[in-house]
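# kindly generate the corresponding structure for this input.
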Amino acid sequence: MRLTKSKRKFGTEINITPLIDIVFLLIIFSMVVSQFSKLHAEKLELPEARKGAEPKPTRTGRVVVNLLPDGRIVVAGTDHTRRTLGGLLDEQVARLEPGGLSVVVRSDRRTRWKLVRPILELCAARRIASVKVAVVAPKPAGRR
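The predicted structure follows:
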């Protein structure tokens, strides 16, 4: 004599383990990408601009040139002179298709123009048409 009835279970189970794995990988990926984007950014106090346009994203090569107040030129964490920066730009221009290089100049607001101008001249001598100067939006009055 049977005291318990055997019940057949019908239904589906959802296994969320792969979902958790994918979410975990996305979190790690976003953390790594954010660290790479900080690699090019030296701690600078950028100048303010009243007008300007947001840069359009490009699929071309990009060189970020940081110009410190003391005149040092830093690209991707490495110090450069004008000559070595020129060589770096030559390499990048040769590696990419014509018009494929974009240069972003980040200089501190206290940097003298006579230090920024030679970098722009290096770009012009290599016919780099896409040269951008990084700025920040002005702070509203009363928040300075």
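# helices of the protein, start to end?
In order along the chain, the chain carries the following helices (DSSP state H): 17-39, 82-95, 113-125.
# how about the last one as CSV, C-alpha atoms only?
Think helix 113-125. What follows is the C-alpha trace of helix 113-125 in CSV, where atoms were taken according to Å, rounded to 0.1, in the frame of the first residue of the first chain:
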residue,chain,number,x,y,z
TRP,A,113,50.4,80.6,-25.5
LYS,A,114,54.0,80.6,-26.7
LEU,A,115,54.2,77.0,-25.4
VAL,A,116,51.0,75.9,-27.2
ARG,A,117,51.7,77.5,-30.5
PRO,A,118,54.7,75.2,-31.5
ILE,A,119,52.5,72.1,-31.0
LEU,A,120,49.9,73.5,-33.3
GLU,A,121,52.7,74.3,-35.8
LEU,A,122,53.9,70.7,-35.6
CYS,A,123,50.4,69.6,-36.5
ALA,A,124,50.2,72.1,-39.4
ALA,A,125,53.6,71.1,-40.8
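# pull out the buried residues from that helix.
For helix 113-125, the buried set under the neighbour-count rule, 16 or more other C-beta atoms under 10 Å, comprises 115, 119-120, 122-123. Every C-beta, even on glycine, is put in place using the N, C-alpha and C of the backbone.
# so which of the helices of the chain gets nearest Arg72?
With C-beta to C-beta, the closest approach to Arg72 among the helices of the chain belongs to helix 113-125: 9.5 Å.
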